[in-house]
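1. structure for the following, please:
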Amino acid sequence: MAAVSAPAAGSGLDFGIGIDVGGTWIKGALVNLGSGTPAGGVRRLRTPSSGRVDDVADTLDQLISELQSESPGHGNLAAGVAIPSIVQRGVALSAANMDGSWVGLDVQSYLESRLGRSVCVVNDADAAGTAEALYGAGKGQRGVVLVLTLGTGIGSALLVDGRLVPNFELGHLEIGGCKAESRASAVVRENQGLTWVEYADRLQQYLSHVEFLFSPDLIIIGGGISACSTEYLPRLSLRTPVIPASLENAAGVVGAALAGRRLKDGQAQYV
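-> So this is what the prediction gives:
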């Protein structure tokens, strides 16, 4: 595990491109890494319905070209790309809500060749968790912090005293004989037309199980649904404090940009 830290300010190179590939949307931004804020907001394009690597790469090329054009004075910026996959040394070992062609592929090398720039590929929840720990709701928090991103699936990141445990896949835990993300993700709530009371009940079951297994000191809820946290967080009853992600749905983009910047600087990746 490695502790995360922000790039040194004042170098004139405090920007990076961050991309967060989801099952529904691909989001991206030019990120100010001194402050952890997207410069000009977060753009998004629809994830290709095929989910195939080549199709996703075409969309990434379009989005990154648009973001690069916003920062002509910084040269060919490195890009961090967060994907819904277990990632080890740039290789995807799984593919959640994506085509099976990702599995076993050295995605980092493939995208560097395809996009013509330095690329760092990381797990999407790891990116979001790192951003929240460095810039957001987990900043300065000691002990065990669990960051959960509720979207098309459920992503999870675990940090211990600011150090990331990579590829911490809690969306695949079984609750009542089903994968947790098939019952308690944000998309499941929408697709099944669950009321907030019904959804909070499912989330309670899942979080109670996670709390029992890992005894976190803090749980941070991210993903797009974090913007609606007043609808479900007050209905939960846990020993552990549960708070919304302060970066909301931009956390994965910010964390990805940080990973790309560290790679270009020749530093060890944070995972």
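2. so for the longest helix seen in the chain, what gets flagged as buried?
-> In the chain, taking DSSP state H as the definition, the longest helix is helix 196-214. Within helix 196-214, the residues scored as buried using 16 or more other C-beta atoms under 10 Å are 199-200, 202-204, 206-211. C-beta: built from backbone N, CA, C; applies to glycine.
3. how distant is it from the center of its chain?
-> 21 Å (C-alpha atoms, centre = their mean, to the nearest Å).
4. what of stretch 206-216?
-> Relative to its parent chain, stretch 206-216 has a centroid offset of 20 Å by C-alpha atoms, centre = their mean.
5. send the alpha carbons of it over as CSV?
-> The C-alpha atoms that make up stretch 206-216 are tabulated as CSV, following Å, rounded to 0.1, in the frame of the first residue of the first chain:
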residue,chain,number,x,y,z
TYR,A,206,-25.7,-4.3,2.4
LEU,A,207,-23.9,-1.8,4.6
SER,A,208,-24.7,-3.7,7.8
HIS,A,209,-23.0,-6.7,6.3
VAL,A,210,-20.0,-4.7,5.2
GLU,A,211,-19.8,-3.0,8.6
PHE,A,212,-19.7,-6.4,10.3
LEU,A,213,-16.9,-7.7,8.1
PHE,A,214,-14.6,-4.7,8.1
SER,A,215,-15.5,-2.4,11.0
PRO,A,216,-14.7,0.9,9.2
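6. what is the mean pLDDT for it?
-> Stretch 206-216 shows a mean pLDDT of 96 in the predicted model.
7. residues making contact with that stretch?
-> Outside stretch 206-216, the residues that touch it by C-beta atoms under 8 Å, 6 or more residues apart in numbering are 143-146, 148, 154, 158, 170, 173, 175, 180, 183-184, 219, 236, 238-240, 242.
8. sort out for me which of the residues you listed are in strands.
-> Members of the contacts of stretch 206-216 lying in strands (criterion: DSSP state E): 144-146, 148, 154, 158, 175, 219, 242.
9. flag the least confident of those residues.
-> residue 175 (85).
10. any idea how far it lies from residue 207?
-> 10 Å (C-beta to C-beta, to the nearest Å).
11. residues that sit against both of those two, list them.
-> The contact lists of residue 175 and residue 207 share no entry, where a contact means C-beta under 8 Å, 6+ apart.
12. domain map for this protein?
-> Listed by automatic domain parsing, the domain ranges of the chain are 15-126+250-264, 140-248.
13. report the buried residues of the lengthiest strand in the chain.
-> Counting residues, the longest strand in the chain under DSSP E turns out to be strand 37-46. Within strand 37-46, the residues that qualify as buried are 38, 42-44, counting by 16+ other C-beta under 10 Å.
14. likewise stretch 134-143?
-> For stretch 134-143, the neighbour count (16+ other C-beta under 10 Å) marks 134-138, 141 as buried.
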